[in-house]
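S.K.: got a predicted structure plus its sequence, pasted below:
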Amino acid sequence: MEPDDTPSRPDDLLDALVRQDLDPLSVAELDARITVLQGEIARCQLKKDRAVSHRASADDLFRR
């Protein structure tokens, strides 16, 4: 059986991303990468904001 090459945790994907060699990428490819990463940052921020809001709502509900 061949070893599984898929990362075992989502953190492994981030680790692979930050270790990727950027030297072979063109300016256009770097711009595209930055655009995608900015979109992902916005998506993560939105998820975090919703989680914080949900938690605050739950805390308020159970404090009454």
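M.R.: Alright, I've got the coordinates.
S.K.: how about Asp21, phi and psi?
M.R.: Dihedral pair for Asp21: phi -70, psi 120, per degrees, to the nearest 10.
S.K.: which pLDDT value belongs to it?
M.R.: pLDDT for Asp21: 97.
S.K.: what helix or strand is Leu37 located in?
M.R.: For Leu37, the host element (DSSP states H and E) is helix 27-63.
S.K.: what pLDDT, on average, does stretch 34-50 get?
M.R.: Averaging pLDDT along stretch 34-50 gives 97.
S.K.: how close does Ala28 sit to Val18?
M.R.: Ala28 is 21 Å from Val18, where distance means C-beta to C-beta, to the nearest Å. Where you see a C-beta, it was placed from the backbone N, CA and C, and this is true even at glycine.
S.K.: just the C-alphas of stretch 57-64, formatted as CSV.
M.R.: The C-alpha coordinates for stretch 57-64 follow below in CSV (Å, rounded to 0.1, in the frame of the first residue of the first chain):
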residue,chain,number,x,y,z
SER,A,57,-25.1,36.0,22.0
ALA,A,58,-25.0,32.6,23.7
ASP,A,59,-23.2,34.1,26.7
ASP,A,60,-25.9,36.9,27.0
LEU,A,61,-28.7,34.3,26.7
PHE,A,62,-27.3,32.1,29.5
ARG,A,63,-26.4,35.0,31.9
ARG,A,64,-30.1,36.0,32.2
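S.K.: any idea how far it is from the chain center?
M.R.: 29 Å (C-alpha atoms, centre = their mean, to the nearest Å).
S.K.: let's number from 185 now, not from 1
M.R.: Noted, 185 is the first residue going forward, which turns the last one into stretch 241-248.
S.K.: quick one: mean pLDDT over it.
M.R.: Throughout stretch 241-248, pLDDT has a mean value of 75.
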